[in-house]
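[1] missing the sequence, but the structure's below:
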């Protein structure tokens, strides 16, 4: 199944990057329709040539679409998907780019009408910048898309997999809970660590920071309207990851508080090994 | 005072970058002399054209030099400086690039012969890469050099300030203790946070990391021969910074463990503000 008419709900950085990617890698006859509650955004996307139609209501946007993608912040996804489902043509597929899965899928499982087909598409790609003007048409190239739920019999997953691969992405199918645990450690924890590190710097020393501090806190520029709901909807998994991180920091604390360099050396070398495998 | 003959003890990434910077920004008649206990390094630096002479002993290297710079790892600085002082011409200036100051300066204050002139030159610049082949001749451009001790009457500081400014750097004069506290927070803590974050990632999830985790752990590639002695020689200041960081993580923990998003939002926004001032 190939999607010919694609509705994107949300024209922030992610939604606009998706539109731009479809424009770049999709067939020329695919129709891309864009909506955002901030009026200027779909208009901007249309003038930038990344959507064919700019709309001011979800109802109009999803009319006749084969695929509807909610690119709203995590706390607005369920609302946009339920609204879209009321106006879509039968058999169309719903997906969303939400960074946390379990809460969204539980809510949709209860709220969606019978017959509606929804699956999650969480891209492991993003930016600390917000707004469509920063969009990138190669954002998904080589990046993971986590499709949830992982159940292989799900009717939407094959079509979504083909769609994302066309945009250059790699796809992994995961259960919602497993997904939320993985991203708590691989994505939400580094953000939390960066936010907390930025908050540890006294203002009087800000002028003295160098590349190390800057790189380690780059993602501390992440916007609250994106990150507060992500943390809010993945509390238990993030807490688990944070406790593991704090236990590792406690190991560092013990190594520093006791004489000898053997333990410090061991911790640095272990991190080096992980880091070299990430390159 | 202008240095005409400069001896660099240590031809790793930092020493070689210093040589390359002097070559690029210094006068053509300045003589750059390089030493490293690893024989191949000075020879490499000579063949790369960044030193005029490659030497296999400190004694030969410092002969007739106006300025001797130890670019050794923190735990080898005192040894190289004391050795250099035995062979230098009277009135020459000694400095080193050590990342921690109080321990080095206490040891040198006791160990250096009367009349020897030493001050610290810690560049807030570096790389997670090691070895002279990664050296950069613009490494110090726009970067801070912390000159210690901050006492304005110190006989070497004016000359060193002129030297570093010629290489494009900015100079701040700090007391050794004040210096160690600042870098514990601005440099050593982000490294520790990155090392601990790398150590929190289970191996099975390594394939799923994205840009956020990668950037936040870039400096977790820092070499143990550099970083173990830095932590070892700045334990009390790093512990203080780490305790502050852990207190901030505990605030996050409380915010996640309790209902409501107000506290999470507040912590994200505070980090955003710091981050925007660092840009």
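    Received it, and whenever you're ready, just let me know what you need. Quick caveat, the model's predicted, so the values are computed rather than measured.

[2] Just give the number of residues close to residue A:91.
    Neighbour count for residue A:91, taken as other Cβ atoms under 10 Å in any protein chain shown: 11. C-beta here means a position set from N, CA and C on the backbone, and glycine is covered the same way.

[3] any idea of the pLDDT on it?
    For residue A:91, the pLDDT comes out at 92.

[4] Give me the three-state assignment for it.
    coil (DSSP: H, G, I helix; E, B strand; the rest coil).

[5] quick one: the helices in the stretch 51-200 of chain A?
    Taking DSSP state H, counting those that start in this stretch as the test, the helices found in the stretch 51-200 of chain A are A:58-62, A:77-87, A:102-111, A:157-166, A:176-183, A:189-198.

[6] tell me the mean pLDDT over the shortest one?
    Read it as helix A:58-62. When pLDDT is averaged over helix A:58-62, the result is 98.

[7] State the distance from the residue nearest to the spatial centre of chain A to residue A:190.
    In chain A, the C-alpha nearest the mean C-alpha coordinate belongs to residue A:99, at 4.3 Å (Cα atoms, centre = their mean). Distance, residue A:99 to residue A:190, by Cβ to Cβ, to the nearest Å: 13 Å.

[8] Next, the angle helix A:176-183 makes with the longest helix seen in chain A.
    Using DSSP state H to define each element, chain A has its longest helix at helix A:235-257. Here helix A:235-257 runs at an angle of 30 degrees relative to helix A:176-183 (axes from the mean of the first three to the mean of the last three Cα atoms, to 10 degrees).

[9] next structured bit after helix A:235-257?
    Per DSSP states H and E, the first helix or strand lying C-terminal to helix A:235-257 is helix A:262-278.

[10] Just give the closest residue to residue A:270, not the sequence neighbours.
    Excluding its sequence neighbours, the residue lying closest to residue A:270 (Cβ to Cβ, 6 or more residues apart in numbering or on different chains) is residue B:199, at 5.5 Å.

[11] quick one, longest strand in chain A?
    strand A:117-123 (DSSP state E).

[12] Help me confirm that residue A:117 comes into contact with residue A:94.
    Yes - here residue A:117 reaches residue A:94: they are 6.5 Å apart, a contact under Cβ atoms under 8 Å.

[13] Give the intersection of the neighbour lists for those two.
    Common contacts of residue A:117 and residue A:94, defined by Cβ atoms under 8 Å, 6 or more residues apart in numbering or on different chains, comprise residue A:156.

[14] neighbour-wise, which of these two wins?
    Just comparing residue A:117 and residue A:94: by other Cβ under 10 Å the higher neighbour count belongs to residue A:94, 26 against 17.

[15] Okay, that one and chain B: tell me how far apart.
    As judged by Cβ to the nearest Cβ, to the nearest Å, residue A:94 and chain B stand 24 Å apart.

[16] That residue bridge partners, please.
    residue A:68, residue A:118 (DSSP bridges).

[17] Surely it is in contact with residue A:68?
    Yes - the criterion here is Cβ under 8 Å, and residue A:94 meets it with residue A:68 at 5.1 Å.

[18] Which neighbours do these two have in common?
    Shared contacts of residue A:94 and residue A:68, counting by Cβ under 8 Å, 6+ apart, come down to A:81, A:84, A:88.

[19] List of residues touching stretch A:248-256?
    A:263-264, A:267, B:192-193, B:195-197, B:199-200, B:231, B:235, B:238-239, B:242-243, B:245-246, B:249.

[20] For residue A:154, give me the pLDDT.
    pLDDT, residue A:154: 85.
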